[in-house]
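*Asks:* show me the folded form of this:
(one chain, ligands or ions: 1)
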Amino acid sequence: MRRWNGWGDDGVIFPLEEAGRSFLESALGPGTVPHDAALEDTLSRVPSSRLPARRLVRTGAEERLRHARGQSFPDWVALRSGRISAFPDGVAHPATEEEVRELVALCVEEGIRLIPYGGGTSVVGHVNPVRDGGPVLTVAMDRMRSLTALDESSRLGTFQAGVQGPDLEAQLRARGLTLGHYPQSFEYSTLGGWIATRSSGQQALGYGRIEQLFAGGRMETPAGPLELPSFPASAAGPDLRELVLGSEGRLGVLTRATVRVRPLPEREEFFGLFFPSWEGAFEAAREMAQAGVRLSMLRLQDEPETRVSLLLGGSRRLTAMLERYLNLRGAGQEKCLAILGCTGTARQCREGRREALRLSRRRGGLWVGRPAGTAWLKNRFLSPYLRNTLWEKGYAVDTMETALPWSRLSGALQAIRAGLERALEGEGERTFATAHLSRVYPDGASLYVTCLFRAAEDPDGTLERWRLLKRTASLAITESGGTISHQHGVGLDHAPYLKAEKGALGLAALTGAVRALDPAGIMNPGKLLPEC
Ligand SMILES: Cc1cc2nc3c(=O)[nH]c(=O)nc-3n(C[C@H](O)[C@H](O)[C@H](O)COP(=O)(O)OP(=O)(O)OC[C@H]3O[C@@H](n4cnc5c(N)ncnc54)[C@H](O)[C@@H]3O)c2cc1C
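*Replies:* Below you'll find the predicted structure:
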């Protein structure tokens, strides 16, 4: 069963071996085991619903608790401590477009706020009811998960928007097809959520980001249905699909989406390369991205993240042998690991790998073959479970992400890291930050920073530590000219930084679009554009 106050299935545990534990103790100090609230106690604090009985609407306490929060750091603290400031007053699980329309109409008529809910994997507070204001209905899309149309000759598949990653891929796979969109939250996140947050999959280099995969669909808005026909290209004015991408539930409920699918690849392989230093590895990554080397993934870890990967992954004996070999070949303390993926025909994979190796060798890259890639593949959706284990040992972790042009990336990373390392000094606390380039583009890359710190004795103290870290990283990002989000969206946590990116006029234009489709302001208020 899915955990109510953490990540994933409660039967899955990511163990932390002794080496990992002692590393954390030496980097941060001993952790204080938190006192998590029990489910029964938290349920007893769910207030009565403000919604009268309605068809399709459930008002049970557990249902409302399980849809009250997502996966952001403040969400975790709230769920683990049982201190949840607001709950939806009801949750509906529509099965058809007509039922979604009926629910939107109900909310319009009665002034109920409506929050579309996909998989609830948002890490920026997208699905949280905001405390002030009237009753809230969360519309969970989990019963809308079918492939409803397939145009094989155009390679267009239409799904109900609540379909989760594994289910979507299984339905396509049965027909020899794939979408290839694999965010790390794949297990639970949904097609509608991916579109509404402009999500990026781990193999976006090969398959494209969701904005390249989203061909059209339909949204039920308070002002009526918005049809988005699928054209291969169009010069008929601004593209409304771009408005729906990243709309974060502010415009309406996406009921169906047509996506660009493709045949299952003949071959897929992942492999590892070590570089003696970040500088050489960074240049190799840039050159590969700009040369258009046929890769489906390129992930480059900095030295601290490489160290942690080696510590957590595989057998100590094999890791020690690998490190001895790398040392002899010139990749010592400063070494950085890159994981590369090739997807396509056998020939395309061979060519992609050959070209990647050629460019890497010029920067000192050392091929360590498929075991490193296979280890990454095995944990690609499992590593988020480590967050549960860390929490239970008294350590907190959060991720910050941005994207910048190549010319500004290294400076931004330095500024973010320096800020994070200093942010908790006033409290006498240390932080440990690791980073990787998670997606590369010809003109830049996304930077993904993971920050570890100790939880405080009480939840408010832990949250305050996170606030300091988040503010520091967000200011370093905006001051370096990076986007406030490459893939997680805006929600609540990034909203204060959006103006730096869009400008006042840009925000006014977006506000106008929200007001046109949602004149009464009932759709997911407080997110993306809090003033609107
Ligand atoms: C462990 C972990 C790993 C992650 N890895 C990645 C990653 O690799 N790449 C990435 O891009 N993101 C990642 N994320 C963030 C998150 O998974 C994405 O933002 C995802 O797209 C959210 O999808 P969801 O279905 O869970 O949406 P939810 O969290 O349910 O909702 C997110 C927003 O979308 C809106 N929404 C959802 N469905 C609809 C709909 N049908 N119509 C209108 N609006 C809708 C909601 O109102 C809300 O504003 C990760 C999160 C976690 C917890």
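*Asks:* only C-alpha atoms for contact and neighbour calcs from this point on.
*Replies:* Will do.
*Asks:* residues contacting the residue lying farthest from the centre of the chain?
*Replies:* Most distant from the centre of the chain: L328, at 37.9 Å, with distances by C-alpha atoms, centre = their mean. For L328, the contact set (C-alpha atoms under 8 Å, 6 or more residues apart in numbering) is empty.
*Asks:* mind doing that once more with 10 Å?
*Replies:* L322 (C-alpha atoms under 10 Å, 6 or more residues apart in numbering).
*Asks:* next: the one 3 residues further on.
*Replies:* A331 makes contact with 274-277, 323-325, 364-366, according to C-alpha under 10 Å, 6+ apart.
*Asks:* run the last query once more with 6 Å
*Replies:* By C-alpha atoms under 6 Å, 6 or more residues apart in numbering, the contact list for A331 reads P276.
*Asks:* that one sits in which helix or strand?
*Replies:* Using DSSP states H and E, A331 sits in no helix or strand.
*Asks:* and the pLDDT at it?
*Replies:* Looking at A331, its pLDDT is 94.
*Asks:* how about stretch 200-219: buried residues?
*Replies:* 200-211, 213-219 (16 or more other C-alpha atoms under 10 Å).
*Asks:* just the terminal-to-terminal distance for it.
*Replies:* 21 Å (C-alpha to C-alpha, to the nearest Å).
*Asks:* from the chain's centroid, how far away is it?
*Replies:* 14 Å (C-alpha atoms, centre = their mean, to the nearest Å).
*Asks:* same question, stretch 81-93
*Replies:* For stretch 81-93, the distance to the chain centre is 22 Å (C-alpha atoms, centre = their mean).
*Asks:* just the mean pLDDT for it, thanks.
*Replies:* Here the average pLDDT along stretch 81-93 is 97.
*Asks:* for it, C-alpha coordinates in PDB please.
*Replies:* Taking Å, rounded to 0.1, in the frame of the first residue of the first chain, the C-alpha atoms of stretch 81-93 are listed here in PDB:
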ATOM      1  CA  SER A  81       4.500  15.500  12.400                       C
ATOM      2  CA  GLY A  82       0.700  15.200  11.900                       C
ATOM      3  CA  ARG A  83       0.600  19.100  11.900                       C
ATOM      4  CA  ILE A  84      -1.400  19.600   8.700                       C
ATOM      5  CA  SER A  85      -2.800  23.100   8.300                       C
ATOM      6  CA  ALA A  86      -5.600  22.400   5.700                       C
ATOM      7  CA  PHE A  87      -7.400  19.400   4.200                       C
ATOM      8  CA  PRO A  88      -9.700  19.200   1.200                       C
ATOM      9  CA  ASP A  89     -13.300  19.000   2.300                       C
ATOM     10  CA  GLY A  90     -14.000  16.200  -0.100                       C
ATOM     11  CA  VAL A  91     -12.300  14.100  -2.700                       C
ATOM     12  CA  ALA A  92     -14.000  12.900  -6.000                       C
ATOM     13  CA  HIS A  93     -12.700  10.200  -8.300                       C
END
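*Asks:* which residues does it contact?
*Replies:* Residues outside stretch 81-93 that contact it (C-alpha under 6 Å, 6+ apart) are 36-37, 42, 49-50, 56-59, 64, 68, 78, 129, 131, 135-140.
*Asks:* apply 8 Å and report the result again.
*Replies:* Residues outside stretch 81-93 that contact it (C-alpha under 8 Å, 6+ apart) are 35-38, 41-42, 46, 48-51, 56-60, 63-65, 67-68, 77-78, 128-131, 135-143, 459.
*Asks:* now intersect those with the helices, please.
*Replies:* If you go by DSSP state H, the contacts of stretch 81-93 have 41-42, 63-65, 77-78, 459 in helices.
*Asks:* quick one, which of the contacts of stretch 81-93 are buried?
*Replies:* Listed as buried from these are 42, 46, 49, 51, 56-59, 63-65, 67-68, 77-78, 128-130, 135-142, 459; burial here means 16+ other C-alpha under 10 Å.
*Asks:* can you pull the contacts of C532?
*Replies:* 511, 514, 521, 525-526.
*Asks:* please convert the buried members of the residues you listed into ChimeraX selection syntax.
*Replies:* In ChimeraX, this line selects whichever of the contacts of C532 come out buried by 16+ other C-alpha under 10 Å:
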select :511,514,521,525,526
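*Asks:* picking up where we left off before, looking at the ones in helices among the contacts of stretch 81-93, which two lie furthest apart in space?
*Replies:* The distance between the two most remote of these (C-alpha to C-alpha) is 24.1 Å, for E63 and P459.
*Asks:* just to revisit the earlier point, show me which of the buried residues of stretch 200-219 neighbour the ligand.
*Replies:* 200-202 (C-alpha under 6 Å from any ligand atom).
*Asks:* so is stretch 374-381 next to the ligand?
*Replies:* No. Residues of stretch 374-381 are not located near the ligand by C-alpha under 6 Å from any ligand atom, the shortest gap being 7.8 Å.
*Asks:* quick check: buried residues in that stretch?
*Replies:* 374, 376-377, 380-381.
*Asks:* what does the closest residue to G193 other than its chain neighbours show for phi and psi?
*Replies:* Closest residue to G193 apart from its sequence neighbours, by C-alpha to C-alpha, 6 or more residues apart in numbering: G118 at 5.3 Å. Main-chain torsions, G118, degrees, to the nearest 10: phi -90, psi -100.
*Asks:* how about D302?
*Replies:* phi -80, psi 180.
*Asks:* and it, how many neighbours?
*Replies:* 23 (other C-alpha atoms under 10 Å).
*Asks:* that one against L337, yeah?
*Replies:* Yes. D302 is in contact with L337 according to C-alpha atoms under 8 Å; the separation is 7.3 Å.
*Asks:* near the ligand, which residues of the stretch 151-300 of the chain?
*Replies:* Counting by C-alpha under 6 Å from any ligand atom, the residues of the stretch 151-300 of the chain that sit close to the ligand are 161-162, 183-185, 189-190, 192-194, 196-197, 199-202, 248-249, 252-255.
*Asks:* now, which of those lie within strands?
*Replies:* 253-255 (DSSP state E).
*Asks:* list the buried residues in the host helix or strand of T478.
*Replies:* Here T478 sits within helix 459-479, counting by DSSP H and E. By 16+ other C-alpha under 10 Å, the buried positions in helix 459-479 come out as 459-460, 462-463, 465-467, 469-478.
*Asks:* do the next helix or strand after it and the ligand meet at all?
*Replies:* Using DSSP H and E, the helix or strand that follows helix 459-479 in sequence is helix 498-517. No. On the criterion C-alpha under 6 Å from any ligand atom, helix 498-517 is out of touch with the ligand, staying 12.8 Å away.
*Asks:* circling back to that earlier point, between the contacts of C532, which is nearest G426?
*Replies:* G526 (31.8 Å).
*Asks:* ok, that closest one touching V130?
*Replies:* Yes. Between G526 and V130 there is a contact at 6.7 Å, judged by C-alpha under 8 Å.
*Asks:* and E17, how many neighbours?
*Replies:* 11.
*Asks:* count the residues that sit near the spatially closest residue to it that is not a sequence neighbour.
*Replies:* Take E17 and drop its neighbours on the chain: the residue closest to it by C-alpha to C-alpha, 6+ apart is L312, 7.4 Å away. Residues lying near L312 (other C-alpha under 10 Å) number 18.
*Asks:* any idea how far the ligand is from L312?
*Replies:* 18 Å (C-alpha to the nearest ligand atom, to the nearest Å).
*Asks:* so that residue touches G20, yeah?
*Replies:* Yes. If you go by C-alpha under 8 Å, L312 and G20 touch, sitting 6.3 Å apart.
*Asks:* which of the three states applies to the residue of the stretch 301-450 of the chain found nearest the ligand?
*Replies:* Nearest to the ligand, among the residues of the stretch 301-450 of the chain, is P384, at 4.7 Å (C-alpha to the nearest ligand atom). With DSSP: H, G, I helix; E, B strand; the rest coil as the basis, P384 sits in helix.
*Asks:* what about it, neighbour count?
*Replies:* As a measure of burial, P384 has 16 neighbours, counting by other C-alpha under 10 Å.
*Asks:* give me the pLDDT value at it.
*Replies:* 96.
*Asks:* that one touches V12, doesn't it?
*Replies:* No. Using C-alpha under 8 Å, P384 makes no contact with V12, being 10.7 Å away.
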